[in-house]
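Q: structural data only, the sequence is not supplied:
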């Protein structure tokens, strides 16, 4: 019986020890300070955009800090068609046009999916209602047939023993 409890205890101890060692081994190391964007001017676009906070202006070959106070960089800093951020092959003008279009397509797609799901659910509910109604009608017709059959059987028994009712409103004592 003690062998049964040893295996889970050993596995638990092994897992605990492994977790303890991995958390201790993952001590954060200080990352080197990124070089300022201005020092990357007159280099390449790829080298400038290694730092996410940098903006590359193609005609002047300047690397500058992204103007975070503005959503888009003003044209006094760099024209939108020549400004690069994140990727060297995407300029802001294309980014401004494509992002709303892509967002709109995604939103319209989600709305269509929701509409189709709701419509399918309604169709499914209508089918269920029709099926339930059909089953109810079938059950009622079976009940009516059984009731009629029982009534005929009772009438036969009454006739057999001479208790047939000619007048359904007559009292039983009169016979």
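A: Structure received. All values derive from a computational prediction rather than experimental measurement.
Q: any idea of the mean pLDDT for the longest helix along the chain?
A: Using DSSP state H to define each element, the chain has its longest helix at helix 92-160. The predicted model assigns helix 92-160 a mean pLDDT of 87.
Q: check the offset of that helix from the chain's centre.
A: Between the centre of helix 92-160 and the centre of its chain there are 23 Å (Cα atoms, centre = their mean, to the nearest Å).
Q: what's it packed up against?
A: Taking 3 or more Cβ pairs under 8 Å, 6 or more residues apart in numbering; DSSP states H and E as the contact definition, the neighbouring helices and strands of helix 92-160 are strand 83-85. C-betas here are computed from N, CA, C, even on glycine.
Q: what strands flank the strand it packs on, and is each parallel or antiparallel?
A: Strands flanking strand 83-85 in the sheet, each with its direction: strand 54-57 (antiparallel), strand 87-91 (antiparallel) (DSSP bridges).
Q: mind giving me CSV with those and columns for distance to residue 135 and mean neighbour count?
A: Below are the strands paired with strand 83-85 laid out as CSV (distance: least, Cβ to Cβ, whole Å; neighbours: other Cβ atoms under 10 Å):
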stretch, distance to residue 135, mean neighbour count
strand 54-57, 69, 23
strand 87-91, 61, 13
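Q: least confident of these, on average?
A: When the strands paired with strand 83-85 are ranked by mean pLDDT, strand 87-91 comes last with a mean of 83.
Q: what residues does that one touch?
A: By Cβ atoms under 8 Å, 6 or more residues apart in numbering, the residues outside strand 87-91 that reach it are 45, 46, 49, 56, 80, 81, 82, 83, 84.
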